[in-house]
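Visitor: return atomic coordinates for the entry below.
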Amino acid sequence: MSFTEYIAQENDRFDTVAWKAYGDVSKTGSIVAANPQIGIVEGTIPAGTIVKVPVIDVPPTPTASLPHWK
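Guide: Numbering: from 1, shown residues only. Prediction:
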């Protein structure tokens with residue numbers, strides 16, 4: 001599996017990282033699983049922590065159903 005890296009900002013949580021990376025908080029579990037070494041303090045990831053973000057393959061949008069201008 002490939003990963004990108006994200007540097008945690010102040011008050012980041014795993015769900016906010018998932019939203020920033022994927023636009024979808026339901027992917028939070030994949031980020032948590034990829035980072036068992038990260039200690040969470042009061043629900044947040046310490047600022048400056050490098051978070052491994054799994055690269056998730058997104059199926060392409062079928063273009064046949066889109067209008068001709070898209």
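Visitor: what packs against the strand or helix carrying Ile31?
Guide: Ile31 belongs to helix 28-34 when assigned by DSSP states H and E. Judged by 3 or more C-beta pairs under 8 Å, 6 or more residues apart in numbering; DSSP states H and E, helix 28-34 is in contact with helix 14-22, strand 50-54. In this view, the C-beta of every residue, glycine as well, is placed from N, C-alpha and C.
Visitor: generate a markdown table for the ones you listed, with distance to Ala8, mean neighbour count and mean pLDDT as supplementary columns.
Guide: Listed next are these as a markdown table, based on distance: least, C-beta to C-beta, whole Å; neighbours: other C-beta atoms under 10 Å; pLDDT from 0 to 100:
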| stretch | distance to Ala8 | mean neighbour count | mean pLDDT |
| --- | --- | --- | --- |
| helix 14-22 | 7 | 18 | 96 |
| strand 50-54 | 6 | 17 | 97 |
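Visitor: and the pLDDT at Val58?
Guide: Val58 carries a pLDDT value of 67.
Visitor: before we move on, back to that, which one, of the helices and strands packed on helix 28-34, ends up nearest to Ser2?
Guide: strand 50-54 (7.5 Å; C-beta to C-beta).
Visitor: who touches the residue nearest to Phe3 when sequence neighbours are not counted in this structure?
Guide: Closest residue to Phe3 apart from its sequence neighbours, by C-beta to C-beta, 6 or more residues apart in numbering: Lys52 at 4.3 Å. Contacts were defined as C-beta atoms under 8 Å, 6 or more residues apart in numbering; by that measure Lys52 touches Phe3, Thr4, Glu5, Ile31, Ala34, Asn35.
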